[in-house]
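Undergrad: I would like the atomic coordinates for the input below:
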Amino acid sequence: MDPSLALLAQLFDSLPLGVVVLDAAGRVIIYNRAEEALANRQRARVVGRDFFVEVAPCMNVSRLAGEFRKNIGRRPLDVDLEFSFPFMSLDEPRDVRLKLSSFDVAAASYGVLMVEDISAKRSVERMKETLQDLLIHDLKNPLSAILANLGYLDRIRGIRDNHDAVEAISDSVQAARRLQAMLLNLLDISRLETNSLPLARDLVDLDAMLAAAVEENAALARMHGSALALGPACGLRASVDPAVLRRALGNLIENAVRHAPHVTVAGRRERGAVVLEVVDDGPGVPAGMRDTIFEKYTQVQADGRATAAYNRGLGLTFVRLAAHAHGGDASVDCPAGGGSVFRIALPAPAP
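TA: Residues are numbered from 1 along each chain as shown. The predicted model follows:
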């Protein structure tokens, strides 16, 4: 073995994840201790054998064989997969992450497979998703009852004549609807992440949708002392799920009115795309946070630092996933003069 490879073999033996190094023909030349333990195979029985044919011929790993044989020595390899792997020594398959990359030593090309057992992590995630679904289901019914009873109180004449009572009911309805939106975000984020939320697409008048979103959030804007306005008509239509897209717009508007004194909602066409914008004159989003802010449970504090919160920070995650489900994307820019421009870009319908 080349001295450089021998040094690598010693280094790989100290790693906590499985490492398999292959020569250009796909034969195993390094098989570290962690992979021995994970696969329950001694390296002496594996080294020198064709990894894709003799060592791990299962369907999931075989998908890498073509990529390896086609590109090794020609272009860098970079493949990252997660799947359930049936280890022969275990009663049940394990969830693994497999990363295939490549390197060169002394003009020879080699492939390296990093194998990580993520079964415990996936098990915890599945438990969290199950608990989340149960909580959402259990909270939806009492919340619907709260809204129904508030609506009943609002229709009682004696209460309608009391300004303070009417205002209190209105505030309670808005709070209950925001809680309802949070629950729907939690539920539908999970569905969007697994592509299990079917979109009920229709050709929608975007001016009407933007106007409805502004009207729905007018009370919330007043509560936060923010002036919410509708921009010029765009005259555009798009094939979207109106319920999903209005919720995404609502999330952007709610986020803006909480942080800015003036917010404008508008639509326009831009290079073959339909763009919906929520523009504010708030503190803006730091450059390093403009992508991270769309991740789960991430919020930006007034000083620009990112924080993780357990029960908040899902609104923008839903916005981006909803945009992706429609074949588009969500982003944020901050002009030099201050403020933020949150955008949902969607494919424009064929003329």
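Undergrad: what about the helix or strand hosting Leu81, distance to the chain center?
TA: Assigned by DSSP states H and E, Leu81 belongs to strand 78-85. For strand 78-85, the separation from the chain centroid amounts to 19 Å (computed by CA atoms, centre = their mean, to the nearest Å).
Undergrad: got the phi and psi for Glu277?
TA: Dihedral pair for Glu277: phi -120, psi 140, per degrees, to the nearest 10.
Undergrad: hey, where'd the helices end up in the stretch 1-150 of the chain?
TA: 3-13, 33-39, 59-71, 119-154 (DSSP state H, counting those that start in this stretch).
Undergrad: list the buried ones in the longest one?
TA: I take that to be helix 119-154. 119, 122, 136, 146-147, 150 (16 or more other CB atoms under 10 Å). Backbone N, C-alpha and C define where each C-beta goes, glycine included.
Undergrad: ok, the residue nearest to Val278 when sequence neighbours are not counted - contacts?
TA: Once flanking residues are discounted, Val278 sits nearest to Leu252: 4.2 Å by CB to CB, 6 or more residues apart in numbering. Applying CB atoms under 8 Å, 6 or more residues apart in numbering to Leu252 gives the contacts 278, 315-316, 319, 342, 344.
Undergrad: where helices are concerned, which of those count?
TA: If you go by DSSP state H, those have 315-316, 319 in helices.
Undergrad: so which of those residues wins on neighbours?
TA: Val319 (27 neighbours; other CB atoms under 10 Å).
Undergrad: who does the strand holding Leu81 pair up with?
TA: The pairing partners recorded for strand 78-85 under DSSP bridges are strand 94-105 (antiparallel).
Undergrad: hang on, the earlier thing: show me which of the buried residues of helix 119-154 is closest to Pro242.
TA: Pro242 has its nearest neighbour among the buried residues of helix 119-154 in Leu147, at 21.2 Å by CB to CB.
Undergrad: correct me if wrong: the closest one contacts Gln180.
TA: Yes - between Leu147 and Gln180 a contact is recorded at 7.4 Å, counting by CB atoms under 8 Å.
Undergrad: could you list the low-confidence segments of this structure?
TA: Residue ranges of the chain with pLDDT under 70: 59-60, 86-91, 132-134, 137, 297-313, 350-351.
Undergrad: tell me where the stretch 201-350 of the chain has helices.
TA: Taking DSSP H, counting those that start in this stretch as the criterion, the stretch 201-350 of the chain carries its helices at 206-216, 218-223, 242-257, 315-325.
Undergrad: nearest to Leu38, out of those?
TA: helix 315-325 (33.0 Å).
Undergrad: could you give me the buried positions within that closest one?
TA: Neighbour counts using 16+ other CB under 10 Å place 315-323, 325 of helix 315-325 among the buried residues.
Undergrad: how about TSV for those residues, with distance to Met209 added?
TA: Converted to TSV, these look like this (distance: CB to CB, whole Å):
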residue	distance to Met209
Gly315	18
Leu316	19
Thr317	21
Phe318	17
Val319	15
Arg320	19
Leu321	19
Ala322	13
Ala323	14
Ala325	16
